[in-house]
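# The sequence and its predicted three-dimensional model are supplied below.
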Amino acid sequence: MNNVFQKAKEYIYRKARPLDFTRWQYHFENGSKEAVLNTLSYYQNEDGGFGHALEPDAWNPNSSPIQTWFATEILREINFTDNSHPIISGILNYLGSGKDFNGHYWFNIVESNDNYPHAPWWDTECIGEHDDCNPTACLAGFIIKHADKDSKLYSLGCRLANEAVSTYINQGFLDNMSTVECYIRLMQYVEEADITDIFDVNALKTKLIKQVEHIIAKNTAEWETHYLCKPSRFIDSKESIFYINNKDIADYECEFLFNTQLDDGSWNITWKWTAYLEEWPIAENWWKSYEIIKNLLYLRGFNKI
């Protein structure tokens, strides 16, 4: 177990970008939130949104909802909730500006993506292929938790959350793990804000518990080489509401991670770009650092390291 941690640490110290280095230090070496926030701030634009390949599959420097969603995930990861901080107030300004928004959802693909290296799924040719509630459901939850309750933006967040949940409750299970994750975040944000009158939180929770069990890939033999949904996408410890229904496969993922760590301390990235092949190895390295941190947090959540 210590060897797994040491190899992962060596990769981070040798190859991680500054943001992931400070995230590593925060989680595993008593590093500060301020260091994470400082490096994160360099990805934020004047309009408050995020770009600059914060999400490593899109190198667009311009603000976009997906890159901004990625920033909210990092803020959540370090449990940072100061609404007066420029990063959070900037995100709220971006979301309230109407940019990259059609009145019902934020666009998960923006046209300027095509001008910079990117994965094929962020190309404008894929507009319409992604679920509209990714990342809108999550961003609506972020607004509900962080915006002023008397603001127009808060009212917008409540409306979008209600629309998203109504759409989800009245359909079958989803097969897009990113969209499922956005609904889980929405549920968590609303619970943390202690607000009960936007939608039926218990109904959403009940469906999501079944949804997670449905979407986790049961063919573990393909986990190492295929982009599939593993328990760690939604479960971080045995205290998770999703653990009990997925106990065996969630426990197995710990064993899987011990057995599949590469010699350099990273884990295999199970997706690739089909264009911009010179840039892809750089993005792959960034993703490896991100996955190392995620995997070690999972192992720690299960008291394995």
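Thanks, I have the structure now. Numbers count the residues shown, from 1 in each chain.

# ok, for Leu19, nearest residue in space, not its chain neighbours?
Nearest residue to Leu19, sequence neighbours excluded (Cβ to Cβ, 6 or more residues apart in numbering): Thr39, at 4.4 Å. All C-beta spots, glycine's among them, are computed from the backbone N, C-alpha and C.

# ah, wrong one, I meant Lys210
Using Cβ to Cβ, 6+ apart and skipping residues adjacent in sequence, the residue nearest Lys210 is Phe173, 7.3 Å away.

# contacting residues around that neighbour?
Lys210, Gln211, His214, Ile215 (Cβ atoms under 8 Å, 6 or more residues apart in numbering).

# Would you mind measuring from the first one to Val4?
What it means is Lys210. 33 Å (Cβ to Cβ, to the nearest Å).

# more neighbours, those two?
Neighbours around Lys210 and Val4, counted as other Cβ atoms under 10 Å, are more numerous at Val4. The numbers are 17 against 11.

# Quick check: buried residues in the longest helix anywhere in the chain?
Determined from DSSP state H, the single longest helix within the chain is helix 280-301. If you call a residue buried by 16 or more other Cβ atoms under 10 Å, then helix 280-301 has these buried ones: 280, 283-293, 295-299, 301.

# And for stretch 270-277?
Trp273.

# Could you look up the SS state of the residue nearest to Lys210?
Here Phe173 is recorded as coil under DSSP: H, G, I helix; E, B strand; the rest coil.

# same question, Ser240
If you use three-state DSSP, then Ser240 falls in the coil class.

# What of Ile74?
helix.

# so where is the chain shaky, pLDDT-wise?
Applying pLDDT under 70 to the chain flags residues 1, 129-131.

# who's sitting farthest from the centroid in it?
Asp150 (28.0 Å; Cα atoms, centre = their mean).

# Identify the residues contacting that one.
By Cβ under 8 Å, 6+ apart, Asp150 has no neighbours at all.

# quick one: it is in a strand?
No. Using three-state DSSP, the assignment for Asp150 is coil, not a strand.

# Against Leu19, how distant is it?
Asp150 is 34 Å from Leu19, where distance means Cβ to Cβ.

# Also Gly98?
28 Å.

# More neighbours: which of these two?
Ranked by neighbour count (other Cβ under 10 Å), Gly98 and Leu19 place Leu19 first, with 21 against 10.

# tell me which element that one is part of?
Per DSSP states H and E, Leu19 falls inside helix 18-28.

# Break down this structure into its helices, ranges please.
Under DSSP H, the chain gives helices at 2-15, 18-28, 33-41, 65-77, 86-96, 133-146, 152-169, 177-192, 201-215, 247-260, 280-301.

# mind giving me CSV with these and columns for distance to Phe50?
CSV is the format used below for those (distance: least, Cβ to Cβ, whole Å):
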stretch, distance to Phe50
helix 2-15, 22
helix 18-28, 11
helix 33-41, 8
helix 65-77, 4
helix 86-96, 8
helix 133-146, 12
helix 152-169, 17
helix 177-192, 16
helix 201-215, 26
helix 247-260, 29
helix 280-301, 15
